[in-house]
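>>> Turn this into a structure:
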Amino acid sequence: MGNVEDPSEVVDAEIVDDDTALAVIDRTPATRPAGFPSHVDQHTIVRPGKAPEPEPVYTERDFIISEQAAEQAEGQAAENTTATYASRRRAFRAWCAEQRRVAMPCTTATLVEYVDHLIQQRKAPSTISVSITAIVTEHPDGRKPGTDMARKKLRNYKASKTARARAVRKAPGIRRTALRAMIGTCDPNHPVDVRDAAALTLGWWILARRSEVTNLDIADITMRDDHMQVRIRFSKTDQGGKGTTEYVYGSTDPLTDPLRWMRAWLAILADRGITEGPLVRALTTTGRFQDRSRAVDGDRVQPRTLNAIARRRAQRAQLSNWKDITAHGLRRGPANELAEGKASEDQIEAAGRWTKGSGTVRKTYIDPASKAKGSAMRSLAEDQGATAPAGGSQ
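Coordinates of the predicted model:
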């Protein structure tokens with residue numbers, strides 16, 4: 001067939017004009033200027049009028065360490081080779097074998113892929129971090145895989161996991177209707193029920209943090225004809241203990257009236273000779289005061305117990321979300337209602353003792369309330385009379 005070229009030898013080529021030919025990239029390593037030391041490379045910077053630093057001359061002393069240093073290094077190696085590190089390394093080698101990848105020394109891509117594998121398995125960020133460290137420290141110097149991308153993936157994963165956890169932890173707000181249902185389970189003749197109702201209604205009307213309720217003493221409550229004064233001696237935003245006084249007025253609804261329940265609770269305490277000390281106290285299920293003289297907090301109910309009280313009342317009221325209810329809902333619920341009622345940011349901050357100007361109230365309550373009311377789709381949902389035309393458009 002003459003000089004016919006083998007088709008396998010033909011490659012695609014871009015056709016260009018001679019005067020616009022593509023430049024050929026010279027990939028030959030850059031040469032070092034004559035007279036420059038061998039340690040000079042592309043990262044070396046030489047100032048005008050200066051010569052490169054001469055290459056150092058090493059002697060035997062530069063490579064020898066003392067017996068003490070050697071013992072310390074061996075001890076450190078033994079310390080690092082813990083059971084946890086060994087376990088992480090075994091898991092990595094097993095994965096590499098399964099994926100037909102080289103485990104030692106591994107490439108940066110292999111490390112990144114392994115980290116992604118651990119993320120897909122929903123491993124804890126701390127577990128993944130230890131795995132990266134265990135793998136990298138096993139490699140000799142000069143053969144360690146790069147960790148920048150692996151660590152970045154871990155940071156992003158940790159941030160998203162934290163955000164999800166925070167979203168889950170947010171307790172639902174206890175609205176007035178929910179509070180009414182919860183207090184409706186309280187028997188005004190039973191000490192436990194009266195205590196629960198007094199604590200919950202007070203917490204709701206002062207938008208209290210749970211610790212603000214449980215830290216109250218009897219002396220912090222001053223009853224008046226139409227209101228009560230509540231002295232909050234310290235709180236999350238008042239670590240210095242300057243204190244503040246909240247004024248709580250009665251409600252036209254007997255079920256949620258904080259004055260009614262607080263008077264009843266103080267009367268029970270007084271009947272038993274208790275006129276000072278903790279306000280919200282531990283009781284047995286039958287209503288007897290417990291002997292808690294040896295307890296760390298004495299007779300005082302702990303904040304986590306207030307969570308249990310709120311959840312128990314929500315369960316008895318058969319609220320659909322009772323499992324998610326915590327005492328923090330006593331703070332979120334009224335804040336939600338104030339925001340929806342167009343209370344100002346300053347007013348809500350003052351009512352709940354938030355740090356002025358922190359942005360928490362606007363971000364958590366005002367903006368969501370405004371967005372919900374201003375949604376363009378809400379008008380469609382409320383337009384009950386609107387109907388789609390027959391054979392509506394696609």
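>>> And the helices in the stretch 251-394 of the chain?
With DSSP state H, counting those that start in this stretch, the ranges of helices along the stretch 251-394 of the chain come out as 258-271, 303-316, 329-340, 345-352, 360-361, 367-373, 378-382.
>>> What is the helix of greatest length in the chain packed up against?
Longest helix of the chain, by residue count under DSSP state H: helix 148-169. For helix 148-169, the packing partners by 3 or more Cβ pairs under 8 Å, 6 or more residues apart in numbering; DSSP states H and E come out as helix 108-120, helix 125-138. Any C-beta I mention is one placed from the backbone N, CA and C, and that applies to glycine too.
>>> Need those in a markdown table (columns: distance to residue 220, mean neighbour count and mean pLDDT).
Listed next are those as a markdown table, based on distance: least, Cβ to Cβ, whole Å; neighbours: other Cβ atoms under 10 Å; pLDDT from 0 to 100:
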| stretch | distance to residue 220 | mean neighbour count | mean pLDDT |
| --- | --- | --- | --- |
| helix 108-120 | 50 | 18 | 94 |
| helix 125-138 | 42 | 18 | 93 |
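>>> Distance to residue 183 for the ones you listed - can I get that in a markdown table?
Putting these into a markdown table (distance: least, Cβ to Cβ, whole Å) gives the following:
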| stretch | distance to residue 183 |
| --- | --- |
| helix 108-120 | 46 |
| helix 125-138 | 42 |
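>>> show me what contacts residue 255?
Residues in contact with residue 255 (Cβ atoms under 8 Å, 6 or more residues apart in numbering) are 180, 183-184.
>>> Apologies, that question was intended for residue 154.
Counting by Cβ under 8 Å, 6+ apart, residue 154 makes contact with 115, 119, 125, 128-129, 132.
>>> follow-up on the earlier one: what is the orientation angle of the longest helix of the chain with helix 125-138?
Put simply, helix 148-169 runs at 170 degrees to helix 125-138, going by axes from the mean of the first three to the mean of the last three Cα atoms, to 10 degrees.
>>> Identify all contacting residues around stretch 219-230.
Outside stretch 219-230, the residues touching it (Cβ under 8 Å, 6+ apart) are 202, 206, 216, 231-233, 245-250, 258-259, 262-263, 266, 276, 279.
>>> buried residues in that stretch?
Of all the residues in stretch 219-230, those buried under the rule 16 or more other Cβ atoms under 10 Å are 221, 228, 230.
>>> for stretch 269-284, same thing?
Those would be 269, 274, 278-283, for stretch 269-284 by 16+ other Cβ under 10 Å.
>>> Quick one: buried ones out of the contacts of residue 255?
residue 183.
>>> contact partners of the helix or strand following the longest helix of the chain?
Tracing the chain past helix 148-169, the next element assigned as helix or strand by DSSP states H and E is helix 176-183. Residues from elsewhere that reach helix 176-183 (Cβ under 8 Å, 6+ apart): 174, 197, 200-201, 204, 253, 255-256, 261, 310, 313-314, 316-319, 329-330, 333, 337.
>>> Recalculate using a threshold of 7 Å.
Contacts of helix 176-183 with the rest of the structure, by Cβ atoms under 7 Å, 6 or more residues apart in numbering, involve 197, 200-201, 204, 253, 255-256, 313-314, 317, 319, 333, 337.
>>> closest to residue 365 among those residues?
Proximity of these to residue 365 (Cβ to Cβ) peaks at residue 337, which lies at 9.4 Å.
>>> for the contacts of residue 154, which one is nearest residue 40?
Distances from residue 40 to these, taken by Cβ to Cβ, are shortest for residue 132, at 34.3 Å.
>>> So that closest one sits against residue 145, correct?
No: if you go by Cβ atoms under 7 Å, residue 132 and residue 145 don't touch, sitting 9.4 Å apart.
>>> hang on, the earlier thing: I'd like the contacts of helix 176-183 as TSV, with distance to residue 157 and pLDDT appended.
TSV is the format used below for the contacts of helix 176-183 (distance: Cβ to Cβ, whole Å; pLDDT from 0 to 100):
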residue	distance to residue 157	pLDDT
197	45	98
200	39	98
201	43	98
204	38	97
253	48	94
255	47	95
256	44	96
313	38	97
314	34	97
317	39	97
319	35	96
333	34	93
337	37	93
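>>> from these, which would you call buried?
By 16+ other Cβ under 10 Å, the contacts of helix 176-183 give 197, 200-201, 204, 255-256, 313-314, 317, 319, 333 as buried.
>>> contacting residues around residue 353?
Shown in contact with residue 353 (Cβ under 7 Å, 6+ apart): 235, 237, 244.
>>> For the last one, give me the backbone phi and psi.
This means residue 244. Backbone torsions for residue 244, taken as degrees, to the nearest 10, come to phi -150, psi 160.
>>> again with residue 145
Per degrees, to the nearest 10, the backbone of residue 145 is at phi -70, psi 150.
>>> Next up, the contacts around it.
Residue 145 is in contact with 106-108, 110-111, 136, 139, counting by Cβ under 7 Å, 6+ apart.
>>> Kindly provide the distance from residue 103 to residue 143.
Residue 103 is 12 Å from residue 143, where distance means Cβ to Cβ, to the nearest Å.
>>> show me what contacts the residue lying closest to residue 336 once chain neighbours are set aside?
In space, and not counting its chain neighbours, residue 336 is closest to residue 173: 4.6 Å by Cβ to Cβ, 6 or more residues apart in numbering. Neighbouring residues of residue 173 by Cβ under 7 Å, 6+ apart: 329, 332-333, 336.
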